[in-house]
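Undergrad: Got a predicted structure here, sequence first:
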Amino acid sequence: MAMTDRPVIEVAGLQMSYGSTAVLRGVELRVDAGEVVVLLGPNGAGKTTSIEILEGFRAASAGSVRVLGADPLTAGEAWRARVGVVLQSWRDHARWRVRELLVHLGEFYRPFSTPQRPRPWDADELLARVGLADKASRQIMGLSGGERRRLDVAVGLVGRPELLFLDEPTAGFDPQARRDFHDLIRSLADAEVTILFTTHDLDEAERLADRILVLAGGRIIADASPDSLRRQVGSTTEVRWARDGLTHVHSTETPADFLREVLNAPGGPVTDLEVRRASLEDAYLSLVHRLEAASPEADTEAAVRDFIGSATASRHEEG
Amino acid sequence: MGITGGIARSALRQARIELRVQWMSWTALGWLVFPAIGLVVLFFLRDQDVMGSQVTLAQIGIPGLLAMNLVSTGVMGVGGQLQTERDDGTLLRAKAIPHGMQTHLLANVLVFTATALIPVIIMVIAASFMVDGITPRDPVAWLRFAGVAVLGLFATLPIGALLGALMRSPVVLGISSLFLYGAMAISGIFYPLGALPGWLQWVGQVLPTYWLGIGLRSALLPPEAVLLELGGSWRVGPMIIVLGAWALLGLTLAPAALRRMARKQSGSQVAAARDRVMSRGY
């Protein structure tokens, strides 16, 4: 992917409280141009809050936030034109036609067109790209849930954004719609879009992300590529086999050696052999569980600090 | 062309699409049914005189119907629309695009101007075939009619925007509509204000509905109908001043309320509204 050292998002010491409840307690993050970054975290960890602060829809309690070189809250319309937001639409513009809405919203970006980035994105081309070409003249209320979300993505892209935010873009997708959406996001890398999105789908995060951030306890507790996140947290491999009608399961740090032992051991033939590396999901769950086990509240701070120490180191070694 | 031109063109395009969508649906029929019923009722009262005068109940009632239509569209229509758009994510979408919010609000003003005026024009034309002495007599009277209607909208649209921006729940907005109909009842738009107790007359004369009513009567009714008015005068000067003052007050307060509403609009708010509708049904 076309990564550069140009920071698109820079956040330092970000805090957010609602009344006396602290949701974000000092978030640090940086996203460079061209990256696809996924924000993971348990429910209520503040993912949506963080995204809304970056989008300029919400004021932070404290900390510094720079997105495309400006403070999102005060950045103005030219900045807004460079940012795409994929909203979870519900029933707005129900009676508008699909193409009509896209053309209408696209026109807002025309004054911000540049030779490098002609704006807006042509509506028909965009509809074809999200797979809605044959629905162009449908009323929006006639779309299925998945089609509607693809339209949401098209609306987020119509201004040819440099930075695209998506909050749980595939919630409620069926497997085919999810697959199509993944292809779409991967193809956007050529369009020089930096992407930050949240999801609960670990498999999705692994497929799409250059980098994964885990938000828990009000901090970023892990910041690494999917591979290194998996390696550093769950280095064990699970071996499952059957012999003489008995099923065995064993976890090991050295799967090759262990397998050799199993196969050389006396007895009947080995059947149903399965070797499974710890998945990203295992890694993620173990991270979050360890953090939660380290609480009660008083200890959260220490647990978070501990994690930041162990989990972020690998990001830089990845390069 | 510049930014302002772009905003105006986008707002016009949006208003055109919205109006097409609204008027090509059953909703539009709903807006016409109530005025139609009102006209039919008044048609049967066309021989009933008011307080022994030459003026019939139908002649008084038709400007009243027009005033009621303008005010309820201007206040409840706009208020309800803003609330709906805040809940369903329309405003959030507007906020996510450059100049989106200004354009969207401008488009709403255009849409509601048309939505309020279209039934009024249809009613005036329909009534001219049904009842005598309620049609503007000359071009000047037509101009006066148009001027009063537009001034009345300017006085009421911002109030609707203010309510829609400030009131969180549809229930609260519904309750405030009761006050609106109460206000109409003491505004002399269906029966001369002189028939009310003295103190209520004073209250009535503060409200924009009274002045919109007298303004419309002055444009539609024959000259002798003026005898039914307080002081036997159409009071054109005071009408312009009071409606203008309401418009000024609204236009001063509404933008701040709308800005606050826009600032607070977020995805979480839309999600909360969606959950509320899913669980409670409204």
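TA: Alright, I've got the coordinates. Numbers count the residues shown, from 1 in each chain, chains lettered A, B, ... in the order given.
Undergrad: Buried residues, stretch A:186-203. List them.
TA: A:188-189, A:193-199, A:201-202 (16 or more other Cβ atoms under 10 Å in any protein chain shown). C-beta here means a position set from N, CA and C on the backbone, and glycine is covered the same way.
Undergrad: Just want the residue of the stretch 151-282 of chain B that's nearest chain A.
TA: Of all residues in the stretch 151-282 of chain B, the one sitting closest to chain A is B:S266 (4.5 Å; Cβ to the nearest Cβ).
Undergrad: how many neighbours does that residue have?
TA: B:S266: 18 surrounding residues under other Cβ atoms under 10 Å in any protein chain shown.
Undergrad: for it, what are its contacts?
TA: Neighbour list for B:S266: A:52, A:57-58, B:92 [criterion: Cβ atoms under 8 Å, 6 or more residues apart in numbering or on different chains].
Undergrad: Could you identify the most distant pair in these?
TA: A:R58 and B:L92 (11.8 Å; Cβ to Cβ).
Undergrad: So for those two, which residue has more residues nearby?
TA: Per other Cβ under 10 Å, whichever of A:R58 and B:L92 has more neighbours is B:L92, with 26 against 22.
Undergrad: Wait, that one touches B:Q265, no?
TA: Yes - assessed by Cβ atoms under 8 Å, B:L92 is found in contact with B:Q265 at 5.3 Å.
Undergrad: quick one: the helix or strand containing B:A149 near chain A?
TA: Assessed by DSSP states H and E, B:A149 sits inside helix B:139-166. No - judged by Cβ under 8 Å from any Cβ of the partner chain, helix B:139-166 and chain A are separated, with a smallest distance of 15.8 Å.
Undergrad: That helix packs against which elements?
TA: helix B:57-72, helix B:78-88, helix B:100-130, helix B:170-185, helix B:208-220, helix B:236-264 (3 or more Cβ pairs under 8 Å, 6 or more residues apart in numbering or on different chains; DSSP states H and E).
Undergrad: Mind checking the ones you listed for the one nearest to A:L39?
TA: Taking Cβ to Cβ, helix B:236-264 is the member of those nearest to A:L39, at 23.3 Å.
Undergrad: Skip ahead from that closest one and say which helix or strand is next.
TA: Using DSSP H and E, the first helix or strand after helix B:236-264 is helix B:267-280.
Undergrad: on contacts alone, who are the packing partners of that next one?
TA: So helix B:267-280, by 3+ Cβ pairs under 8 Å, 6+ apart, packs with helix A:47-55, helix B:78-88, helix B:90-95.
Undergrad: Name the residues of that helix that are buried.
TA: B:267, B:269-270, B:273-274.
Undergrad: And stretch A:37-51, by the same measure?
TA: For stretch A:37-51, using 16+ other Cβ under 10 Å, the buried residues are A:37-42, A:45-51.
Undergrad: Turn those into TSV, columns for pLDDT.
TA: Formatted as TSV, the buried residues of stretch A:37-51 follow (pLDDT from 0 to 100):
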residue	pLDDT
A:V37	96
A:V38	95
A:L39	95
A:L40	93
A:G41	90
A:P42	88
A:A45	87
A:G46	90
A:K47	91
A:T48	89
A:T49	92
A:S50	94
A:I51	94
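Undergrad: could you dump those to TSV with distance to B:G160?
TA: Below are those laid out as TSV (distance: Cβ to Cβ, whole Å):
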residue	distance to B:G160
A:V37	43
A:V38	43
A:L39	40
A:L40	44
A:G41	41
A:P42	42
A:A45	40
A:G46	36
A:K47	36
A:T48	31
A:T49	32
A:S50	36
A:I51	33
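Undergrad: Just flag the most distant two among those.
TA: Among these, A:V37 and A:P42 lie farthest apart (Cβ to Cβ), at 18.2 Å.
Undergrad: Spell out which residues of chain A are next to chain B.
TA: Counting by Cβ under 8 Å from any Cβ, the residues of chain A that sit close to chain B are A:48-49, A:51-52, A:55, A:57-58, A:77-78, A:80-81, A:85, A:87-93, A:95-96, A:100, A:104-105, A:107-112, A:155, A:159, A:167.
Undergrad: Drop anything exposed from these.
TA: A:48-49, A:51-52, A:55, A:57-58, A:80-81, A:85, A:87-90, A:92-93, A:95-96, A:100, A:104-105, A:107-112, A:155, A:159, A:167.
Undergrad: from the residues you listed, which ones fall inside strands?
TA: A:85, A:167 (DSSP state E).
Undergrad: for the nearest residue to B:R274 once chain neighbours are set aside, what are its contacts?
TA: In this structure, B:R274 finds its nearest non-sequential neighbour in A:W90, 5.1 Å apart by Cβ to Cβ, 6 or more residues apart in numbering or on different chains. Applying Cβ under 8 Å, 6+ apart, we find A:W90 in contact with B:88-89, B:270, B:274.
Undergrad: just those now: which is nearest A:G268?
TA: B:R274 (58.4 Å).
Undergrad: picking up where we left off before, pick the one among the contacts of A:W90 closest to B:G231.
TA: Minimum distance to B:G231 across the contacts of A:W90 is 48.4 Å, recorded for B:D88 (Cβ to Cβ).
Undergrad: quick one: the closest one and B:Q269, what's the gap?
TA: 11 Å (Cβ to Cβ, to the nearest Å).
Undergrad: which regions of chain A sit below the pLDDT cut-off?
TA: A:1-5, A:190, A:233-235, A:294-319 (pLDDT under 70).
Undergrad: For whatever residue of the stretch 201-319 of chain A ends up closest to chain B, which residues are in contact?
TA: In the stretch 201-319 of chain A, the residue found nearest to chain B is A:L215; the distance is 15.7 Å by Cβ to the nearest Cβ. Shown in contact with A:L215 (Cβ under 8 Å, 6+ apart): A:27, A:39-41, A:45-47, A:50, A:221.
Undergrad: Now render those residues as JSON lines, adding distance to A:R150.
TA: Shown next, in JSON lines, are these (distance: Cβ to Cβ, whole Å):
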{"residue": "A:V27", "distance to A:R150": "30"}
{"residue": "A:L39", "distance to A:R150": "21"}
{"residue": "A:L40", "distance to A:R150": "23"}
{"residue": "A:G41", "distance to A:R150": "25"}
{"residue": "A:A45", "distance to A:R150": "27"}
{"residue": "A:G46", "distance to A:R150": "27"}
{"residue": "A:K47", "distance to A:R150": "22"}
{"residue": "A:S50", "distance to A:R150": "25"}
{"residue": "A:I221", "distance to A:R150": "33"}
